[in-house]
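Enquirer: Need coordinates for the below:
(chains A and B)
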There are 2 protein chains.
Amino acid sequence: MNIVCIGAGNVGWHLASHLAEADFTISQVVSRTMDHAHKLGQLVNAPYTTSMSEVFPGADIYLYAVPDHQLSSVIAQNPIKTGIHCHTAGSLSMDIFAEHVENYGVFYPLQTFSKQKQVDFHDIPILIEANNKHNLHLLQKMASHLSNNILLTTFQQRQQLHLAAVFACNFSNNLFTIADQLLKGANLPFDLLLPLIRETVEKAAILTPETAQTGPAARKDTDVIEMHLTMLENDKQLQTLYRLLTDNILKNKATVSK
Amino acid sequence: MNIVCIGAGNVGWHLASHLAEADFTISQVVSRTMDHAHKLGQLVNAPYTTSMSEVFPGADIYLYAVPDHQLSSVIAQNPIKTGIHCHTAGSLSMDIFAEHVENYGVFYPLQTFSKQKQVDFHDIPILIEANNKHNLHLLQKMASHLSNNILLTTFQQRQQLHLAAVFACNFSNNLFTIADQLLKGANLPFDLLLPLIRETVEKAAILTPETAQTGPAARKDTDVIEMHLTMLENDKQLQTLYRLLTDNILKNKATVSK
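Expert: Below you'll find the predicted structure:
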């Protein structure tokens, strides 16, 4: 299969390089940023362009990995209407392609990508949708060369999974950032928390997160909770966040013990 | 060293069993809950009691692993005043012992413990404080048989670390619970998120959490943010939490780009 990769950000970068490693031919890299296009083109040994009017015809797959709000205009600018066109977004319907091309779908890898960090694709869930069985089969086949964890989902499921992922990944990472900032205030390194954070994840994996919940709120330890709220007195936003998450844990515990 | 363990909850359970494995003698287990006292006593091959008036004299260490709000009354009930008395709490000063015994300190393992899940103690940070150098040395020696990661801290540092740990561990776990609940609504299993969550942690470890931040807020993708807020319309508390964490990420990004 020949693949044209449109977008060379975090997602495009990792997808194109893993597809190339899995012996797919990346026939072209397209990015509006010359530096990104050039670097990813070199990495996957493909020609590159910054112009949608120069997109190569004849590829089997046109893979869009561009920011959600740019996707519909990028699709409209693509002069090539053949091949299967698919996007990689968690929260957009595949119908965004419907008025432009005949064959389309979604190829959504559920992972957090940064260019600075390699990832192992083998256990990353890849969510597939397509507008007919033939296209679904082809996208599924493509995904099977990257991962052992392929899911055929509906748009509603993908949307809900994306929302869940924002809580579990993006928002957790923000809590790690907050913890890092609190530790800096005490001249302590973030690394101290890593065994605890890793164990939190493995406990959630084995016991379910609800069963694994510990801490002052789970113990209904109001003295510690009040002390923490006092320590956060100078940052009202953080104090509100502490209160909200504590209430949430208390609410869950109340439901469980009922 | 002979150790009397007072408390057989999650912390007491793991500490006593790992100390016993490290060839310390647990000379007695004390818990107000007969079932816990009995089970932990059997596990570490020690006599047990539910009564503080029956605490054995002559131990080198009296290790308290009881809920924070019970600690001062449990200390007051202990008829034995010899040996080093230390608690295992993140947020209490060692001065809680000052009017009761001569030798005291803190032995705080920074980890989340549930009885259902074994932990590897070797990289768990153990925070040590004591009321004099001799006691500090003894507690440090005891800790060194459990972990390679021993820290001598001040009360203020331990307090701040505990607060950071609540954000990084207890609150993250609550976000995992929320994600789990959202996935249940779409008939999807929590396991789907595990590769993403594990990668989130490893990225934070390698890049710092601030650098590793991705997602709709980090991309300032207001369309997706608005859509997610609409999806949460029926749960105002969750919607507020989404908004607060999103604002937090936007605020951090604004500070970084300045």
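Enquirer: Point out the residues in the stretch 1-150 of chain A that sit beside chain B.
Expert: Contacts of the stretch 1-150 of chain A with chain B, taken as CB under 8 Å from any CB of the partner chain, map to A:10, A:67-69, A:90-91, A:110-114, A:116-117, A:119, A:123-125, A:149. Where C-beta positions appear, they are placed from N, C-alpha and C, glycine not excepted.
Enquirer: Pass me the low-pLDDT residue ranges in chain A, would you?
Expert: Applying pLDDT under 70 to chain A flags residues A:255-258.
Enquirer: Strands of that one, start to end?
Expert: Here chain A has its strands, by DSSP state E, at A:2-6, A:25-30, A:48-49, A:61-64, A:84-87, A:103-109, A:126-130, A:150-152.
Enquirer: Which strand residues bridge the residue lying closest to A:Leu138 once chain neighbours are set aside?
Expert: Counting by CB to CB, 6 or more residues apart in numbering or on different chains, A:Leu138 lies nearest to A:Ile84, which is 6.2 Å off, once chain neighbours are set aside. Beta-bridge partners for A:Ile84, by DSSP bridges, are A:Ile61, A:Asn103.
Enquirer: Any idea how many residues pack against the residue in the stretch 51-200 of chain A positioned nearest to chain B?
Expert: Residue of the stretch 51-200 of chain A nearest chain B, by CB to the nearest CB: A:Asn170 (3.1 Å). By other CB atoms under 10 Å in any protein chain shown, 23 other residues sit near A:Asn170.
Enquirer: cool, the one 5 residues further on as well?
Expert: Other residues lying near A:Leu175 total 26 when counted by other CB under 10 Å.
Enquirer: Look up how far A:Gln111 lies from it.
Expert: For A:Leu175, the distance to A:Gln111 equals 19 Å [CB to CB, to the nearest Å].
Enquirer: what do you get for A:Asp221?
Expert: On the measure of CB to CB, A:Asp221 and A:Gln111 end up 36 Å apart.
Enquirer: With neighbour numbers in mind, choose between the two.
Expert: The residue with more neighbours, out of A:Asp221 and A:Gln111, is A:Gln111; 24 against 18, by other CB under 10 Å.
Enquirer: what's the residue nearest to the more buried one when sequence neighbours are not counted in contact with, if anything?
Expert: Leaving aside its sequence neighbours, A:Gln111 sits nearest to A:Ile124 (CB to CB, 6+ apart; 4.7 Å). A:Ile124 is in contact with A:109-111, A:146-147, A:149, B:195-196, counting by CB atoms under 8 Å, 6 or more residues apart in numbering or on different chains.
Enquirer: Kindly reformat those residues as JSON lines containing distance to A:His18.
Expert: Output for the contacts of A:Ile124, formatted as JSON lines (distance: CB to CB, whole Å):
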{"residue": "A:Pro109", "distance to A:His18": "9"}
{"residue": "A:Leu110", "distance to A:His18": "14"}
{"residue": "A:Gln111", "distance to A:His18": "11"}
{"residue": "A:Leu146", "distance to A:His18": "6"}
{"residue": "A:Ser147", "distance to A:His18": "9"}
{"residue": "A:Asn149", "distance to A:His18": "14"}
{"residue": "B:Pro195", "distance to A:His18": "14"}
{"residue": "B:Leu196", "distance to A:His18": "16"}
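Enquirer: now, which of those sits nearest A:Lys251?
Expert: Ranked by distance to A:Lys251 (CB to CB), these are led by B:Leu196 at 25.2 Å.
Enquirer: rewinding a little: which two from the contacts of A:Ile124 end up farthest apart in space?
Expert: Of all pairs in the contacts of A:Ile124, the most separated under CB to CB is A:Leu146 and B:Leu196 at 15.3 Å.
Enquirer: domain parsing for chain A?
Expert: Using automatic domain parsing, the domain ranges for chain A come out as A:2-153, A:158-257.
Enquirer: for the closest residue to A:Ile225 other than its chain neighbours, what are its contacts?
Expert: Spatial nearest neighbour of A:Ile225, excluding adjacent residues (CB to CB, 6+ apart): A:Pro216 at 5.1 Å. If you count contacts by CB under 8 Å, 6+ apart, A:Pro216 has them with A:224-225, A:228, A:246, B:166, B:170.
Enquirer: Please repeat the previous calculation with a cut-off of 10 Å.
Expert: With contact set as CB atoms under 10 Å, 6 or more residues apart in numbering or on different chains, A:Pro216 has these partners: A:222-228, A:246, A:249, B:68, B:90-91, B:162-163, B:166, B:170.
Enquirer: which one of these sits closest to A:Ser17?
Expert: So of those, ranked by how close each gets to A:Ser17 (CB to CB), first place is B:Asn170, at 37.0 Å.
Enquirer: Distance check, the nearest residue to A:Thr88 once chain neighbours are set aside against A:Pro125.
Expert: Spatial nearest neighbour of A:Thr88, chain neighbours left out: A:Ala65 (4.7 Å); criterion: CB to CB, 6+ apart. Per CB to CB, A:Ala65 is found 17 Å from A:Pro125.
Enquirer: ok, back up a step: dump the strands of chain A to CSV, plus mean neighbour count.
Expert: CSV is the format used below for the strands of chain A (neighbours: other CB atoms under 10 Å in any protein chain shown):
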stretch, mean neighbour count
strand A:2-6, 24
strand A:25-30, 23
strand A:48-49, 20
strand A:61-64, 26
strand A:84-87, 27
strand A:103-109, 24
strand A:126-130, 23
strand A:150-152, 16
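Enquirer: right, and these - which one's nearest A:His38?
Expert: strand A:48-49 (6.0 Å).
Enquirer: about what we covered before: select only the buried ones of the residues of the stretch 1-150 of chain A next to chain B in ChimeraX?
Expert: Buried residues among these (16 or more other CB atoms under 10 Å in any protein chain shown), as a ChimeraX selection:
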select /A:10,67,68,90,91,110,111,112,113,114,117,119,124,125,149
